[in-house]
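A.B. asks: Fold the following and give me the result.
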Amino acid sequence: QVQLVESGGGLVQAGGSLRLSCAASGRTFTSGIMGWFRQAPGKEREFVATITWRAGSTYYADSVKGRFTISRDNAKKTVYLQMNSVKPEDTAVYYCAAGERLVPGTRTLRSSYDYWGQGTQVTVSS
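C.D. replies: Residues are numbered from 1 along each chain as shown. Here you go, the predicted structure:
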């Protein structure tokens, strides 16, 4: 089993910045992927960003590209999401997720991730 714990959420003004962290523990793997998803009230959970543990290859949703940056610290088994120039529409519960293996073409899909954190609330005020 893998446990994921997110932190760093909170209230931020539009245009501001926030950094989310996701610490992994338990059985860990080096060939998989880590991702961030978010879910706003009344909406489906959607993909935000992903990174591979081994090569650090990243991919972003169009809605956050150029504003958010995903990174990882392999030694600490921690993944980060740096959120800059946030907008009110970024308000959501943000979830960290871990997938045991990367299947080409599927890294934006929720079904590609085997483990999920409990989520952290991000609220952007206008």
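
A.B. asks: Could you tell me how far residue 94 is located from residue 48?
C.D. replies: 7 Å (C-beta to C-beta, to the nearest Å). (C-beta placed from N, C-alpha, C; glycine too.)

A.B. asks: Need the overlap of contacts for these two.
C.D. replies: Shared contacts of residue 94 and residue 48, defined by C-beta atoms under 8 Å, 6 or more residues apart in numbering, comprise 36-38, 81.

A.B. asks: For those, work out which two are farthest apart.
C.D. replies: 37 and 81 (10.5 Å; C-beta to C-beta).

A.B. asks: Settle it for me: which of these two has more neighbours?
C.D. replies: Neighbours were counted for residue 37 and for residue 81 using other C-beta atoms under 10 Å; residue 81 has more, 27 against 24.

A.B. asks: Find the residue closest to the residue nearest to the spatial centre of the chain in space, skipping its chain neighbours.
C.D. replies: Per C-alpha atoms, centre = their mean, the C-alpha nearest to the average position across the chain is that of residue 36, at 1.9 Å. Excluding its sequence neighbours, the residue lying closest to residue 36 (C-beta to C-beta, 6 or more residues apart in numbering) is residue 48, at 4.3 Å.

A.B. asks: The one you found belongs to a strand?
C.D. replies: Yes: judged by DSSP: H, G, I helix; E, B strand; the rest coil, residue 48 forms part of a strand.

A.B. asks: just checking, it touches residue 65?
C.D. replies: No: counting by C-beta atoms under 8 Å, residue 48 does not reach residue 65; the two are 10.2 Å apart.

A.B. asks: Cool, thanks, signing off.
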